[in-house]
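In: When you get a sec, could you give me coordinates for this:
(one chain, ligands or ions: 1)
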Amino acid sequence: MILKDEEFGEVVVRKNPLSKGVKFSVSTSGRLAMSVPSGTSEFLARRFLKRNRELIREKLPLADPTAQRARDAKKKILMRQAREYLPYRLEYLAKLYGYEYEKCRLSHANTRWGSCSSNRTISLNIGLMNVPEVLRDYVIVHELAHLNHMDHSEAFWAEVFRHDAKYKEHRRRLKGFSPGV
Ligand SMILES: [Zn+2]
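Out: Reported below is the predicted structural model:
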C-alpha cells in the first residue's frame, strides 16, 4: 500500500505478519517506508504516521519529496519515449541482421543497459533514451548477439563486431553514462 503524504510524499507501507509494532525506515530511493502488522488498515497506518511525524523528521535521512516527484515525472516521460522507440529499433535491427527473438521487455534497473535471457527475451533499459543513438544501437546489437552466444566469448565479440565495427569505442563511451534514472 502507498500513502500519499503532504510532507513525506509517497510512503511505502509493507505489511509484515511477524511484526507487532510499526517500524519506519528509508527505502533505497530515499522514500519513507513503514512496516506494519498485517491487519493494519490505511486509516491506522495514517494515524501511526501522524503520531510519529516529529520522530521521523528528526531521525530519518529522507530524500526531499520534491526531488523524488521530479525524478518520478522524469522516469514516466522516459518510459513513454522508450516504449515508442526501443521495441521498434530492436525489431528493425533484428530484421536487418537476421535475428529472431521472442519478446522485448523494458526495464529500469540501475545497473544494466540490457539483458538477453535463455527464453529469447531481450530487456532494454529505458535509460537508453538518454544516450547517443550509436551507443543505443551498440547495446541492442550486443543483446541480439547473445541470442547466439550466451557468454562473452571471442565468438560472441566477433559477432558483435560484424554489426558494429566500432563496438570497442562504443563500449568505452557507454561507461560514461549511468543506466539509473
Ligand atoms: Zn553481454
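In: going forward, measure contacts between C-alpha atoms and count neighbours the same way
Out: OK.
In: What segments of the chain are strands?
Out: Assigned strands in the chain, in chain order: 2-5, 9-16, 23-26, 32-37, 103-107, 114-116, 121-125 (criterion: DSSP state E).
In: Point out the one among those that comes closest to residue 64.
Out: strand 9-16 (8.6 Å; C-alpha to C-alpha).
In: ok, that closest one: who's next to it in the sheet?
Out: strand 2-5 (antiparallel), strand 32-37 (parallel) (DSSP bridges).
In: which of the strands of the chain sits most buried?
Out: Stretch with highest mean neighbour count among those: strand 121-125 (a mean of 23; mean count of other C-alpha atoms under 10 Å).
In: What pairs with that one, parallel or antiparallel?
Out: strand 103-107 (parallel), strand 114-116 (antiparallel).
In: same question for the first one, mean pLDDT?
Out: Within the predicted structure, the mean pLDDT of strand 103-107 is 96.
In: residues in contact with that strand?
Out: 82, 83, 87, 90, 120, 121, 122, 123, 124, 125, 126 (C-alpha atoms under 8 Å, 6 or more residues apart in numbering).
In: ok now it, how far from the chain's centre?
Out: For strand 103-107, the separation from the chain centroid amounts to 12 Å (computed by C-alpha atoms, centre = their mean, to the nearest Å).
In: swap in stretch 157-177?
Out: With C-alpha atoms, centre = their mean, you get 23 Å for stretch 157-177.
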